[in-house]
Each structure stands twice: as C-alpha cells, then as structure tokens.
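K.L.:
3D model of this:
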Amino acid sequence: MSFKKLRESVIERTFSPEEQQDKIGEVRKIIGPVADKFPTMCSDSSVLRFLIARSYNTKKAAKMLKGSIKWRLEFKSENIRWDDIAQEASLGRLYRADYLDKQGRIVFVIRAGVQSSSSGMMQIKYLVYCLENAILNLSSQEEQMVWIIDFQGWNSSCISLKVTRDTAQILQGHYPERLGLAILYNPPKMFESFWTMVRPFIEPKTYKKVTFAYPDNPRSCKMMEELFDMDKLESYFGGKNTVGFNYEAYAQKMREDDRKMSDLIDSGCSSPGYITSEVSESLHSRDSQDEIFSDEAVCSYLEEDDEIKQAQTPCSQFEPKNEVLEPKNE
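P.N.:
Presented below is the predicted three-dimensional model:
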C-alpha cells in the first residue's frame, strides 16, 4: 500500500468552514468565560483540533479542552527548560530531527532500544518539553508531526507499560491532532506481545495513523522514500545520514528555542503551547473583589460542570493497521 493510499484510507467526513465555525462557537459557549482568558488554547485552530479528536461532538470536545487547560495549569509545561531535562535528552533516546518530511512536517525520532534510567515522570517531562518545542517551531501551514520509532536493540526491559500509557495519554489528551503519522521501524517478533498490551490505550483515530515498516519490505522502502529525503534520513531508517544525534549541537539549538519561549512569555504574548493563568473578573464574581483567583481556583471552576479525570482518554504513541501496517511474521 502506498503512502498516498494510506492517507486516503483514514479520511473522515469533513465539515464546511461555516459548520466548523459554528461548532467552535458552541465549544467556547460551553467552556464559558475561561475561553476568553486562554486565547491560545481556545483559538479557532486549537478548538478545531479538539473537535476533530472528538468527531465534532461539541460537549465531548469542550470537556476534553477543559481537561487540557486544567492539566496545563497544574503541569506548567511552558516553564520546562533545557537544563531541567538535559540529562534525559543526552541519551539521544528522543529528539527532534534537523530535517522535515516532504510535506514539511517536523520529525521526531525515538530510539526505543536506548534504555532510560530516569524516572517515569522525568521521561514524561522531557516528552512534554519536546512537544512544546516542536509546536513553537511549527509552520503556519503544517500543524502535525511525524514520529519514527527505531527498534534496533529493543527488548521488553527498554520500556515500561506505565510510561507508554502515560505517554499516550499526554499525546492524545493534550496534543490532539498533532500526530500526522507514527512509523514503527523494524520491531522484533517479541514486540507483538507488548503491542497487545499497549493497544487498549490507543484511540481509534490514533490507531489509524500508525504503521509498521521493515527494511526488507519493498512497500515499506517505497513509503520511506515518499516521505523523506533519504540523504537526510538516519541510516538506521535506511537513509544515508550516518551522523545521527549530535548532543552538543542539539543542546545549543534547544537553548536558543528556550530564549524564544522566554521572550514570548516575558513580552506578554502566548507561545503556541503557553496559556496565561490570569483569570477574568467574571470568573470570580461570586467571590470577594479583592480575591486573587489562583490556578487552583481556575481548576476548581473547570470541574464544576463535570468531573475532569486526568486519565479520561486512553492513549499511546503507537498503533497498527493493514498489510504494511501489521507486525512481521517470522
């Protein structure tokens, strides 16, 4: 199956711009005054991603978006900086490639066979940092990313089910429609049992975006050539780039991006992932006019209409499909 046909196979019903705008307005109405105070998270493009993730069900999209705003207030993703996660990054286990795919999408590389000694929370913190950094660097024409997972050296001790579950929850619950495609490159036979355990965490929409690829499969090779410039693609994915991850160069690039993020926040502007914790007076009209409406109070407000559970969405960064997408039988 060609990559073009793969994309066509996941196309769903689309709504006209007018219909989309009506849906976006409905979501904002459900969220209430909070929407005015989180302009980035409640922008047209952001709300639309949540709508798509919930098949344009406005109530479900609003609940999902409120949960994500609450998560951001608690996790404070915009405050993570390179020095906070540099040790985890030094492993080269996860990094943003210095090339785009042929559609102009940012590419993430995961070396699944590289084992991390960091805590699960630190691994999630680094993941969030990478996602925020990628969003900062996304072009206005492309909002999605490509993930390539290299299984060279992988075994069942390299990754925990909990970290995988938490990773999926973060990606699906708080960064909806950011994944364009995930490629599981040359997983070993033993991966099948792990995949069986992971599958329940994955939403159907995400499942359709994941494919398996193998270096000795002609269709897989054709797909990689359609997607990437083979001169820039790493050699462990069949490309000609033998340099791979350069920690020092990567650290310099990330620190430069940290300065951009800090400048955006200091200037009062919102970065693509950043939301201000300032809250409208209308939110605390029920309280004393002298009261400072804290992040905790905003979270409480968001939970008034419905309970928002951090694990409300199943999740993961992996998932298969048909033919080329199925695990290799040996």
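K.L.:
chain center to stretch 221-229, what's the gap?
P.N.:
22 Å (Cα atoms, centre = their mean, to the nearest Å).
K.L.:
From the contact counts, what lies against the longest helix along the chain?
P.N.:
Ranked by residue count, the top helix of the chain under DSSP state H comes out as helix 247-266. Packing contacts for helix 247-266, counted by 3 or more Cβ pairs under 8 Å, 6 or more residues apart in numbering; DSSP states H and E, involve helix 82-89, helix 120-137. (C-beta placed from N, C-alpha, C; glycine too.)
K.L.:
Tabulate those (JSON lines), appending mean neighbour count and distance to Ile148.
P.N.:
Formatted as JSON lines, the helices and strands packed on helix 247-266 follow (neighbours: other Cβ atoms under 10 Å; distance: least, Cβ to Cβ, whole Å):
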{"stretch": "helix 82-89", "mean neighbour count": "16", "distance to Ile148": "17"}
{"stretch": "helix 120-137", "mean neighbour count": "19", "distance to Ile148": "14"}
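K.L.:
Any chance of CSV for those, columns distance to Ser43 and mean pLDDT?
P.N.:
Formatted as CSV, those follow (distance: least, Cβ to Cβ, whole Å; pLDDT from 0 to 100):
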stretch, distance to Ser43, mean pLDDT
helix 82-89, 27, 96
helix 120-137, 12, 94
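K.L.:
could the ones you listed be laid out in JSON lines, adding distance to Leu227?
P.N.:
Below are the helices and strands packed on helix 247-266 laid out as JSON lines (distance: least, Cβ to Cβ, whole Å):
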{"stretch": "helix 82-89", "distance to Leu227": "25"}
{"stretch": "helix 120-137", "distance to Leu227": "17"}
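K.L.:
thinking again about what came up before, need the CA coordinates for the longest helix of the chain. CSV is fine.
P.N.:
Output of helix 247-266 as CSV, limited to C-alpha atoms (Å, rounded to 0.1, in the frame of the first residue of the first chain):
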residue,chain,number,x,y,z
TYR,A,247,24.1,16.2,21.6
GLU,A,248,26.1,19.4,21.7
ALA,A,249,24.5,20.8,18.6
TYR,A,250,21.1,19.8,19.8
ALA,A,251,21.6,21.4,23.2
GLN,A,252,22.6,24.7,21.5
LYS,A,253,19.5,24.6,19.3
MET,A,254,17.2,23.9,22.3
ARG,A,255,18.7,26.7,24.4
GLU,A,256,18.1,29.1,21.6
ASP,A,257,14.5,28.0,21.4
ASP,A,258,14.2,28.4,25.2
ARG,A,259,15.2,32.0,24.8
LYS,A,260,12.4,32.4,22.2
MET,A,261,9.9,30.9,24.5
SER,A,262,11.0,33.1,27.4
ASP,A,263,10.9,36.2,25.3
LEU,A,264,7.3,35.3,24.2
ILE,A,265,6.2,34.9,27.8
ASP,A,266,8.0,38.0,29.0
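K.L.:
chain center to that helix: distance?
P.N.:
19 Å.
K.L.:
Would you agree Glu78 is in contact with Asp258?
P.N.:
No: using Cβ atoms under 8 Å as the test, Glu78 is too far from Asp258 to be in contact (10.9 Å).
K.L.:
who has more neighbours, the two?
P.N.:
Using other Cβ atoms under 10 Å as the criterion, Glu78 and Asp258 rank with Glu78 on top: 21 against 18.
K.L.:
Now do the strands in the stretch 1-150 of the chain.
P.N.:
In the stretch 1-150 of the chain, the segments counted as strands under DSSP state E, counting those that start in this stretch are 94-100, 106-111, 145-150.
K.L.:
want to throw the ones you listed into TSV with distance to Thr242 and mean neighbour count?
P.N.:
Below are the strands of the stretch 1-150 of the chain laid out as TSV (distance: least, Cβ to Cβ, whole Å; neighbours: other Cβ atoms under 10 Å):
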stretch	distance to Thr242	mean neighbour count
strand 94-100	14	18
strand 106-111	14	23
strand 145-150	14	23
